[in-house]
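1. Sequence first, then the predicted structure:
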Amino acid sequence: MMLSNPASKYRPFPPVRLKDRQWPDRAITRPPIWMSTDLRDGNQALFEPMDVERKMLLFRTLCEIGLKEIEVGFPAASQTEFNFVRHLIEGGHIPSDVTIEVLTQAREDIIVRTLEALKGARRAIVHVYNATSPTFREVVFGMKPEEIIKLATSAVTRIRQLAEPMTGTEIMLEYSPETFSATELEFACAVCDAVTQAWGARPDNKVIINLPATVEMATPNHYADQIEWMHRHLARRDSIVLSLHPHNDRGTSIAAAELGLMAGADRIEGCLFGNGERTGNVDIVTLALNLYTQGVSPGLDFSDISGVSRTFEQCTGMPISPRHPYAGDLVFTAFSGSHQDAIKKGFAAQRSDAPWALPYLIIDPADIGRTYESVIRINSQSGKGGIAWLLQTRYGITMPRRLQVEFSREVQKEAESGGEMSADAIWRIFSRTYLEPCSPVRYIGHHLREEGNAQGIELTVETDGCRHVLTGSGNGPIDAAVHALRDAGFAVRVRSFEEQSVSASLDGGDARACAFIELGGTNENGKESECYGAGMDENIVTASIRALVSGVNRLWQAVA
């Protein structure tokens, strides 16, 4: 079925007449004031609202992250909500540098109940709202514009009357023209001006004017135009904290918030991971870390993003998508071979004192507590770079490039059967392919001796179940061992040799050295072949001879 013709049903929002708009040429250079509404807006959107225990856990987490303004509930909505606010205040759970916020409708009974809930608080924000858009004025409330303004100012006046005698409690006002994004700008401005006048806003007694995209209805640039228009037209602007509350109905709340900050806003309201009604509120985590990647310290601590994620899921029962920016399990993961190769090269080139510039990774995973092990994961789409990266980061083994190509074929054989392969699984394949004894030659031991200017060796091996002591000499241990094996019928040519120390012991053993050797050989039919061998041991010479024997076995299997 085709969608209906949008021209007959939907109309685009008219543009804001702001020909000299300034926000496109601005950059965000400092973080906003952050306000978390996880315990109010986020909580009311859950299938099962949080109980007191989960609310307290999330409240403590928000404080630990560094949120200084936290909306803790709608105390007049229910006794449960009222009791939670009282629990925070009476239990002394609110840090001295944190301000709680509560929501109220512009109604006398609800305002009175809300202010009762705040008795004894050191400092609190009372957030009052009423809808202002034409649809709500005409359809929902049946009120004229002047009646909407009177409703707002009457509520503000009543809050002021109740707040003045509250000794020891500082009350700050926040006002939201609900459905701002669908309200005529001139009318929205008139309502807000009336509110700041009624409160007596001054530079030392500021009012938070919150401009919500209660429903995201247009493109982010349209919202930015609306914010800049208000920023430039509001009376008493020096006595206002201009706040944004973007929702995500169109999926562009992050962009709308960023452009809104460029347009003059001072403050952002949102939820962790974008929780909230319908498609959610703006995502504080993503927005904060976006600033971080642009060199702007957000003032929030997400250095343990996994811990924050687990707490959020425990408290809300809402899962975080594996593709969620920054926090998702797979966002720092590359399965593609070309991506893996680029990331591996990027890590090798990245200097600790240089600006971060890694292919495909806009943030250093370590900055938010993610390990590098999760960056590259292997499946049938993966390539040599990713496989090499896992062995290097997990086991300290840096494979030569030609060995990467060779070994990736071994991994691909198993990966094509389906599913992801762990670093441990790749190590088992590497060990089975290169390190474990196999036919026709099994290394038993060796003894080196000096032969004038040459190096002699007695190499003990096992072939066909029988032990043999092979002797040879050469210009070093490897050359001597090659001659010893050649005399036993295993003629090989060394094409390349590489040795390295291993940064950590493997599987609880004492192996601290690794050697790789590339061999070439010809069978009795003249068939040429080449392959790698690898060896590990505490002693680098022993590791090298093990690598030679490994290569001999693999080469003989290849030419057989």
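-> Yep, it's here.
2. can we go C-alpha only for contacts and neighbour counts from here?
-> Will do.
3. residue ranges for the strands of the stretch 301-450 of the chain, please.
-> Secondary structure of the stretch 301-450 of the chain, counting by DSSP state E, counting those that start in this stretch: strands at 442-451.
4. Low-confidence stretches in this protein?
-> For the chain, the stretches with pLDDT under 70 are 1-2, 7, 334-337, 371-386, 416-420, 503-511, 523-527, 559-560.
5. Now do the strands in it.
-> Secondary structure of the chain (DSSP state E): strands at 33-36, 69-73, 99-105, 123-131, 170-178, 207-213, 240-246, 267-270, 442-451, 454-463, 466-474, 493-501, 513-522, 528-537.
6. send the alpha carbons of the fourth one over as CSV?
-> Yep, that's strand 123-131 we're talking about. Only the C-alpha atoms of strand 123-131 are listed here, as CSV (Å, rounded to 0.1, in the frame of the first residue of the first chain):
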residue,chain,number,x,y,z
ARG,A,123,17.4,25.3,46.9
ALA,A,124,14.8,24.2,44.4
ILE,A,125,13.5,25.0,40.9
VAL,A,126,9.8,25.2,40.5
HIS,A,127,9.0,24.4,36.9
VAL,A,128,5.5,25.6,35.8
TYR,A,129,4.1,25.2,32.4
ASN,A,130,1.0,25.7,30.3
ALA,A,131,0.4,25.0,26.6
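7. and it, how far from the chain's centre?
-> Centroid displacement of strand 123-131 relative to its chain, using C-alpha atoms, centre = their mean, to the nearest Å, is 32 Å.
8. Then the last one?
-> Here strand 528-537 shows a centroid-to-chain-centroid distance of 40 Å under the convention C-alpha atoms, centre = their mean.
9. What is it packed up against?
-> Counting contacts by 3 or more C-alpha pairs under 8 Å, 6 or more residues apart in numbering; DSSP states H and E, strand 528-537 is packed against helix 401-415, strand 513-522, helix 540-559.
10. circling back: using TSV, lay out the strands of the chain together with distance to Gln314 and mean neighbour count.
-> Compiled in TSV, the strands of the chain are given as follows (distance: least, C-alpha to C-alpha, whole Å; neighbours: other C-alpha atoms under 10 Å):
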stretch	distance to Gln314	mean neighbour count
strand 33-36	18	23
strand 69-73	18	24
strand 99-105	23	23
strand 123-131	28	22
strand 170-178	31	23
strand 207-213	28	25
strand 240-246	25	25
strand 267-270	19	26
strand 442-451	54	15
strand 454-463	58	19
strand 466-474	62	17
strand 493-501	44	16
strand 513-522	45	23
strand 528-537	45	23
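11. Now for Thr463: which residues touch it?
-> By C-alpha atoms under 8 Å, 6 or more residues apart in numbering, the contact set of Thr463 is 439-442.
12. Need those in JSON lines (columns: distance to Gly299).
-> Shown next, in JSON lines, are these (distance: C-alpha to C-alpha, whole Å):
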{"residue": "Ser439", "distance to Gly299": "62"}
{"residue": "Pro440", "distance to Gly299": "64"}
{"residue": "Val441", "distance to Gly299": "63"}
{"residue": "Arg442", "distance to Gly299": "61"}
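13. Tabulate the strands of the chain in CSV, adding columns for distance to Val16.
-> Shown next, in CSV, are those (distance: least, C-alpha to C-alpha, whole Å):
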stretch, distance to Val16
strand 33-36, 26
strand 69-73, 31
strand 99-105, 29
strand 123-131, 20
strand 170-178, 18
strand 207-213, 15
strand 240-246, 18
strand 267-270, 22
strand 442-451, 80
strand 454-463, 85
strand 466-474, 85
strand 493-501, 65
strand 513-522, 67
strand 528-537, 68
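14. out of those, nearest to Gly276?
-> strand 267-270 (8.5 Å; C-alpha to C-alpha).
15. and the closest one, which strands flank it?
-> Looking at strand 267-270 with DSSP bridges, its partner strands are strand 33-36 (parallel), strand 240-246 (parallel).
16. closest one to Ser352 among those?
-> Here strand 33-36 is closest among the strands paired with strand 267-270 (C-alpha to C-alpha), at 30.9 Å.
17. hmm, who's touching that closest one?
-> 62, 67-71, 266-272, 284.
18. try it again with 6 Å
-> 69-70, 267-271 (C-alpha atoms under 6 Å, 6 or more residues apart in numbering).
19. ok, now stretch 19-26?
-> Against stretch 19-26 from outside (C-alpha under 6 Å, 6+ apart): 262-263.
20. what separates it from the chain centre, distance-wise?
-> On C-alpha atoms, centre = their mean, the centre of stretch 19-26 falls 31 Å from that of its chain.
21. Cool, thanks, signing off.
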